[in-house]
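Q: One predicted model, sequence on top.
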Amino acid sequence: MFTLAGKISSRLVSRLLLRCSSAQPLAPCVEETEKSQSQPLPNASPQELPLGDEYRVVYLPKDFKLHRLNVGPARAVAIKKSQAMEYYRQQLTVRLLESAAARLYKEQLVRGFCHLYMGQEACAVGIRAAMRSTDKLITGYRVHGWAYMMGVSAQGVLAELTGRRSGCSGGKGGSMHMYGRNFYGGTGIVGDQVPLGAGVALTSKYLQDGGVCLALYGDGAANQGQVFECFNMALLWRLPMIFVCENNNYGMGTSSKRAAANVNYYTRGDLMPGIWVDGQDVLAVRSATEFAIKHAQQKGPILLELCTYRYGGHSMSDPGTSYRTREEIQKVRQQHDPIQGFGALCLEQQILTADELQEISQVARLELEVATRAARKDKEPPLSHLWRDVYSGVYEGKLRGVHPGIEV
Amino acid sequence: MLRSRLTQAACAAQRAFSTTPKVLAAKQMTVRDALNSALDEELSRDDRVFLLGEEVAQYDGAYKVSRGLWKKYGDKRIIDTPITEMGFAGIAVGAAMAGLRPVCEFMTFNFAMQAIDHIINSAAKTFYMSAGAVNVPIVFRGPNGAASGVAAQHSQCFAAWYAHCPGLKVVSPYDTEDARGLLKAAIRDPDPVVFLENELMYGTAFPVDDKITDKDFVVPIGKAKIMRPGKDITIVAHSKAVETALLAAAELAKKGIEAEIINLRSIRPLDTATIFASVRKTHHLITLENGWPQHGVGAEICARIMEDETFFELDAPVWRCCGVDVPMPYAKTLELHALPRVADVAEAALKVLGGKAGKATAALK
C-alpha cells in the first residue's frame, strides 16, 4: 500500500544496506542477509501514495524470500511519525514487560513456567500494526507480549503471572493462558494453536466477517504433525489464514538444524505460498503481514517465516547457554536488536529525535513500574474461584472437593 | 442372528415394563434415525451449527447417521474432512471458541484417541483457564465401545476416560428417546459434550410418541432414567448395557426378583441422586458396563456410594459387572465372553441378594 519506488534517497538505501551487510554471520536464521535474490521494486501509482509530508519512505534492508509467489510484499514502506512512536513504544513496552516478568520470577512471585519474548518484539508489533479490527490471532505459550499487544494491560499480564485477581485470566491461567478480544490465547501444548487458529479462520469464512486468523508457532512446533494436517485442510478449504512460524532458531534447547530436515520453514507448506521475513525488522514484518492478510482474504492461506531470536533461555529455568554460545546471543543483541535497530532508523530518517525516544522510554518505564507494583500488591483470587468457570452452562452435578461432602 | 434375538427381547422387555402403555401402539424409530433427525432439526434451528468429520457428507456418514444432510445443507454446513483426527478436532474446537457450534464426528471413538489432546486440553480446559472468557460449545460424537468382530483396536469404551475430566460433559444414550433428546441437548449446550453412541444400537428401533418426535424435545444432561421400577435390587447401566440389564431383569422376574434398572444417560455429571434413592429402596446394587473394570464407571459409582450415607443402606457389597480386563479378542466365542452377558448379570444379582433371592423365588411359588 505504501510503496514508493522512485523517491527513495539512494544515499539512505546504500547506508542501510551497508549497515546490514557489515553484520557477521550468526545463528542459522539471523545470518540470512544478502543471500536472497533482490527483487525489483514494485511500481506504485501516485494515487496510492500516502498524503502529507509526515510520511517517510523506508527501503527495507533485507529482502523477502518467496515460495510459490511471483510478487512479494512491498520493500519500500511508508511510515509516519505517530506510527514510529507507537512501534517504538510497543516494542520497548513488551521488552520491559518481560524484564518485569523476569524480576518477579526471580523474586519467586511467578510460579511454574515463564517463557520470555525478549528479542522477538518486532514480530508482535509488526504483525499487530498490520492487523485490522476483524482479524484474529492465536499463539503458543510465549504469550505475555502478545496479550499486551492484543489489548490486555501490563498489569493484567503481570498480575496473571503473580496469580492475582486482577490478572487477565483472574489468576487461573498463569503465564501461558491469556486471552482478549479477537485473541484466543495462549495455549500451552506445542502446536495446538495451529488447528485452533484454522478453526477460527474457518469461522471467519463461515460467518463472512472479512477477517483472517493468524496462528503463530515456533520452529519447534513447526515439526508437529497437526501443523501439516492444517496446512492441508487450510489449502483444501481456502481458509483465510496466515500461518506464522516465528523461527527463533531453537525449540527449547534443540537448534532448528538439529530438529528439521528442511529449515526453510516458509517452504514447508507444500503448495502453500510462503515468505521469509526479517523478524527483527518491525517494518518488514508489517509489510509482510499486510501482504499476507490481503492474500489470505483473496486467495487462501499463506505461510510467513519470521526469522528472529530469543535472548533468554526457553523458559526462566533455562540459562540458555548449554546449546548456544554467549557470544552468539551478544552478537544478535548488538547487531540485530529490533528495538535498537528501529530507534536508529528513526534517528537516521529524522522521524524521531533522541529526546523523543527518551521520552517514550520514560513513559513506558513508568507504565511498567505502576503495573509491577500493582501485580505485587494485588490479592490472590478468593478460594471460591477454585470452583468457578468449569462450565459456562448448567451443570447438574456437583464438583467435588478434596473430601466428600465438600462439593460445589 | 444372536443380535437380532437380543434386540427383539430387549424391545419386548421394554414394552412389557413401560410405564406409558399408550406407546405400545406408537410408531417406531431407530437410534440412527433419532440421531439423524436430531442433527437435522438442530442444523435447521441454528445457523451456527455445522457437522464435520470423515465421510459425513457425500458418503452420507460411515454409519449413515448423517444420511441426506449434505444434500439438504450443502458443503458449508456438512464438511467432509481428510483422515486427520487431530487436525479436524482442533479446527472444530477453534471454531467453537470463535462462536460456531460444531458437531465433530469421529468415525469411531477409537480414532478420537488421536485427537484426545484437543478434546481435553483445548475444549475442556479453556473456559476455566480463561476465567470464563472463552467457552467452547462443541459436540464430539460417534460410536463408542465394542462393535462385532472388530478386535482390540476398534472395541473400547471411553466413557470413564472422558468422564474423568472436569470441563467435559459426557453422555451415552441407549435408545431412540435418549439419542434424540440428548443429542439436541448436547448441541444446544454451551460447554463441550462428548456424545458416546453405540454402533450395535444404530439399527435398533424403539417406540416413539409425539413428545419424543417434537422438534424441541430435549433430555436434560445429568439426569438418569429409571427404565423399569423394582424393589429388590438396583442395576445401573449405560448405552447398550441397558439392554443387557433389561433382559437380565426379565430373567430375574421369573425368579420373583424385581430389579430396578437405571439408565444413566449421562456419565458426567453422574446422577447420583437417582442411584442413591434407588439403593435406599432396594438395598442392593449392581453396576453394569461394557467398559473395563479398573477406574471405570462402576468403580466411580461404588466410590460415590461409599462416601455417602447411602452406604449404610446396602445389605450386601456392590457388585461390578464389566467388560473382561483384556483387550477385545477377535474370535466370536472369546468376544462373547469378554463382555457381560445377561446370564452374568442375573447370576450377579442372585449372589448379591444371597438368601433373599431364594426367599423371593419361594414366595413366587
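A: Received, thanks.
Q: Give me the most central residue, chain B.
A: In chain B, the C-alpha closest to the average C-alpha coordinate belongs to residue B:172, at a distance of 2.1 Å (C-alpha atoms, centre = their mean).
Q: Wait, that one touches residue B:144, no?
A: Yes: between residue B:172 and residue B:144 there is a contact under C-beta atoms under 8 Å: 7.2 Å. Any C-beta I mention is one placed from the backbone N, CA and C, and that applies to glycine too.
Q: list the residues that contact both of the two?
A: Common neighbours of residue B:172 and residue B:144, counting by C-beta atoms under 8 Å, 6 or more residues apart in numbering or on different chains, are B:159, B:196, B:197, B:198, B:239.
Q: Nearest to chain A among the residues you listed?
A: Nearest to chain A among these, counting by C-beta to the nearest C-beta, is residue B:159 at 15.0 Å.
Q: if I look at the closest one, how far off is residue B:266?
A: Residue B:159 is 10 Å from residue B:266, where distance means C-beta to C-beta, to the nearest Å.
Q: cool, residue B:300 as well?
A: 13 Å.
Q: can you check residue B:200 too?
A: Applying C-beta to C-beta, the value for residue B:200 to residue B:266 is 20 Å.
Q: same check, this time on residue A:56
A: Residue A:56 is 64 Å from residue B:266, by C-beta to C-beta.
Q: Which of those two has more residues huddled nearby?
A: More crowded of residue A:56 and residue B:266, by other C-beta atoms under 10 Å in any protein chain shown: residue B:266, with 28 against 22.
Q: looking at it, that one is touching residue B:168, isn't it?
A: No: Residue B:266 lies out of contact with residue B:168 (C-beta under 8 Å); the separation is 11.3 Å.
Q: which element is the closest residue to chain B within the stretch 201-350 of chain A on?
A: Nearest residue of the stretch 201-350 of chain A to chain B: residue A:229, at 2.9 Å (C-beta to the nearest C-beta). In this assignment (DSSP states H and E), residue A:229 forms part of helix A:225-236.
Q: centre of the chain versus that helix, how much separation?
A: 21 Å (C-alpha atoms, centre = their mean, to the nearest Å).
Q: So which elements touch that helix?
A: Using 3 or more C-beta pairs under 8 Å, 6 or more residues apart in numbering or on different chains; DSSP states H and E as the contact test, the elements touching helix A:225-236 are helix A:193-207, strand A:241-247, helix B:85-97.
Q: any chance of those in TSV, plus mean pLDDT, mean neighbour count and distance to residue B:39?
A: Converted to TSV, the helices and strands packed on helix A:225-236 look like this (pLDDT from 0 to 100; neighbours: other C-beta atoms under 10 Å in any protein chain shown; distance: least, C-beta to C-beta, whole Å):
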stretch	mean pLDDT	mean neighbour count	distance to residue B:39
helix A:193-207	98	28	17
strand A:241-247	98	30	27
helix B:85-97	98	30	15
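Q: so which of those comes closest to residue A:168?
A: helix B:85-97 (16.3 Å; C-beta to C-beta).
Q: after the closest one comes which helix or strand?
A: The element immediately downstream of helix B:85-97 (helix or strand, assigned by DSSP H and E) is strand B:101-105.
Q: any idea of the angle that next one forms with helix A:193-207?
A: Put simply, strand B:101-105 runs at 120 degrees to helix A:193-207, going by axes from the mean of the first three to the mean of the last three C-alpha atoms, to 10 degrees.
Q: Do a quick rundown of the strands in the chain.
A: Here I'm looking at chain A. For chain A, applying DSSP state E gives strands covering A:55-59, A:65-67, A:76-80, A:136-139, A:183-186, A:213-218, A:241-247, A:250-251, A:254-255, A:274-278, A:302-307.
Q: Actually, chain B is the one I wanted.
A: With DSSP E as the criterion, chain B has strands spanning B:28-30, B:49-53, B:78-80, B:101-105, B:139-143, B:169-171, B:193-197, B:205-207, B:225-228, B:233-237, B:259-263, B:266-268, B:285-288, B:319-321.
Q: can you put those in TSV and add mean pLDDT and distance to residue B:152?
A: Formatted as TSV, those follow (pLDDT from 0 to 100; distance: least, C-beta to C-beta, whole Å):
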stretch	mean pLDDT	distance to residue B:152
strand B:28-30	98	28
strand B:49-53	98	23
strand B:78-80	98	28
strand B:101-105	98	23
strand B:139-143	98	16
strand B:169-171	98	23
strand B:193-197	98	18
strand B:205-207	98	30
strand B:225-228	98	30
strand B:233-237	98	23
strand B:259-263	98	27
strand B:266-268	98	22
strand B:285-288	98	22
strand B:319-321	98	21
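Q: TSV please, covering those and showing distance to residue A:224.
A: Output for the strands of chain B, formatted as TSV (distance: least, C-beta to C-beta, whole Å):
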stretch	distance to residue A:224
strand B:28-30	41
strand B:49-53	21
strand B:78-80	23
strand B:101-105	20
strand B:139-143	21
strand B:169-171	27
strand B:193-197	24
strand B:205-207	44
strand B:225-228	43
strand B:233-237	40
strand B:259-263	41
strand B:266-268	29
strand B:285-288	40
strand B:319-321	40
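Q: so which of those gets nearest residue B:364?
A: Here strand B:259-263 is closest among the strands of chain B (C-beta to C-beta), at 14.2 Å.
Q: Strand partners (parallel or antiparallel) of that closest one?
A: Strand pairing for strand B:259-263, using DSSP bridges, gives strand B:225-228 (antiparallel), strand B:233-237 (parallel).
Q: Done for today, thanks.
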